[in-house]
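In: Please find the sequence and the predicted model below.
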Amino acid sequence: MEKELYKKLMIETSVAVGPIVLKYLEPLKKENRDFYEICIELVEKKIGTFETREYFMRMAYEACLGKKWNLEIKHACAAMELELAHMYYCNRIFDEKGGEVILGQPNSQFMAGIINHDLASQALTRACSGVDLKTFKKIRNIFDEINKIFLIGQYIEVYSHIYSKDTKINFNKLMAVYYKRDDYVNNSFFEKIGIIGGILGRGTKKQIEALTNFGRNYGMMLQIINDIGDFVPPEYNLGTEEKLPQDAYSDIRHGKLTIPIIYCLTHGSSDEIKLVKEALTNKNIESKKLIEVTNILVNNGSIDFAKQTAHDYASKAKKYLKIFPTKVQDLIGEMCFMAYSNRYYKELQKFKS
């Protein structure tokens, strides 16, 4: 029963927040219609779909205040969705994702990202209309940290957490850097959604701390699943609004050391390691060899290790919700279902020998 209510509330949240997001973008239409179309491209297609960040913002508020969300929180949800769009536009440039048309316009993607960040700031200000100045400044500082930490994380991801011939293959050290990278690029965002939602919901210190810890661990779980999805070949990958099928293998082509790769480099056979290293250092590696990499990772335990790690973070995240009533635990905790079942797992299972 709670699973069905969770799905219902997910869609309800997205349907309610979507028009608010579009309203913030609407003035751009009068300024320049072509630029407007670029700026709404990501957010428009997501209305009515499962959007975890806006849902978590709503649930954090309701969990603390004990009643349904109001208009202000809908604007807070819109702020998170606009900020997420900013991140995706930037990430397209950093990771060279999105297909030929989008990659042919990197400047427009950067501009769209900046506009969405500025509009997110406006939406957050509107969401804080009912709080005192001290609380507003506190929330504002937390929101500003989201963008700063994301950009630092992107720098680490692009320039530091990549494989090179000089990379020292040590499992524990590589995993430590991986977790640090995830903390910056994803976990911090969810952590701060929990804090802002809790503050707006007048939560106690204990409640806000629980939401913060849930968000951090949930963010790690989600990033690991996203990294697993990179190894689903294009023909098996239905994609999302942000992650197109042609972006498959983007991480390994850019030399990124994600969990399946780290595990394989430290636990695989010499032949397996040789092929993975080739993929990490050759952007133009042929597709059939990348599919061979998928076969290796699925069958030598690398994907299974990553999946188990995602399971562990999901379990850890849900434990922090125990201070809330059972219904709240269920409605927020259900966000973790992806750790146990998702389309990436299903498609990769087809490569199991």
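Out: Happy to help now that I have it.
In: shaky segments in this structure?
Out: Applying pLDDT under 70 to the chain flags the ranges 1, 165-166, 237-246.
In: rerun that using 80 as the cut-off
Out: 1-2, 97-103, 165-167, 236-247 (pLDDT under 80).
In: Can you identify each of the strands in it by residue range?
Out: Here the chain has no strands by DSSP state E.
In: Got the phi and psi for Gly268?
Out: With angles defined as degrees, to the nearest 10, Gly268 sits at phi -80, psi 170.
In: The closest residue to it other than its chain neighbours - how many residues pack around it?
Out: Closest residue to Gly268 apart from its sequence neighbours, by CB to CB, 6 or more residues apart in numbering: Asn300 at 5.5 Å. C-betas here are computed from N, CA, C, even on glycine. Residues lying near Asn300 (other CB atoms under 10 Å) number 17.
In: wait, isn't Asn300 in contact with Cys264?
Out: Yes: counting by CB atoms under 8 Å, Cys264 is a contact partner of Asn300 at 6.4 Å.
In: Now do the shared contacts for these two.
Out: Glu272 (CB atoms under 8 Å, 6 or more residues apart in numbering).
In: quick one on the thing from earlier: for the residue nearest to Gly268, what are its contacts?
Out: Counted by CB under 8 Å, 6+ apart, Asn300 has contacts 264, 267-269, 272.
In: Take those and write them to CSV, including distance to Glu26 and neighbour count.
Out: Shown next, in CSV, are the contacts of Asn300 (distance: CB to CB, whole Å; neighbours: other CB atoms under 10 Å):
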residue, distance to Glu26, neighbour count
Cys264, 48, 23
His267, 52, 14
Gly268, 52, 19
Ser269, 57, 11
Glu272, 52, 20
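In: Can you tell me which of these is nearest Ala79?
Out: Of all the contacts of Asn300, Ala79 sits closest to Cys264, with 39.2 Å by CB to CB.
In: Now do the nearest residue to that closest one once chain neighbours are set aside against Arg126, distance only.
Out: Nearest residue to Cys264, sequence neighbours excluded (CB to CB, 6+ apart): Ser302, at 4.4 Å. Going from Ser302 to Arg126 by CB to CB, to the nearest Å gives 46 Å.
In: Counting neighbours, go ahead and name the busier of the two.
Out: Taking neighbours as other CB under 10 Å, Ser302 and Arg126 compare with Ser302 leading, 27 against 17.
In: In this structure that one contacts Pro260, no?
Out: Yes: if you go by CB under 8 Å, Ser302 and Pro260 touch, sitting 4.2 Å apart.
In: got the residue ranges for the helices in the stretch 1-150 of the chain?
Out: 2-25, 27-31, 33-44, 52-65, 71-95, 99-103, 106-127, 133-155 (DSSP state H, counting those that start in this stretch).
In: Please apply the same query to the stretch 151-300 of the chain.
Out: 171-182, 188-200, 205-229, 250-253, 259-267, 270-281, 287-299.
In: how far out from the middle of the chain is the third one?
Out: I take that to be helix 205-229. The chain centre lies 10 Å from the centre of helix 205-229; the measure is CA atoms, centre = their mean, to the nearest Å.
In: What is that helix packed up against?
Out: The contact analysis (3 or more CB pairs under 8 Å, 6 or more residues apart in numbering; DSSP states H and E) places helix 205-229 against helix 52-65, helix 171-182, helix 188-200, helix 259-267, helix 302-319, helix 343-349.
In: Determine which of those approaches Lys74 most closely.
Out: helix 52-65 (8.0 Å).
In: ok, now which ones touch the closest residue to Asp251 other than its chain neighbours?
Out: Nearest residue to Asp251, sequence neighbours excluded (CB to CB, 6+ apart): Asp230, at 4.3 Å. The contact partners of Asp230, taken as CB under 8 Å, 6+ apart, are 248-252, 258.
In: tally of neighbours for Pro27?
Out: Per other CB under 10 Å, the neighbour tally for Pro27 reads 10.
In: do you know how far it is from Tyr36?
Out: Distance of Pro27 to Tyr36, given as CB to CB: 9 Å.
In: Please identify the deepest-packed of the helices of the stretch 151-300 of the chain.
Out: helix 188-200 (a mean of 26; mean count of other CB atoms under 10 Å).
In: Much appreciated, bye for now.
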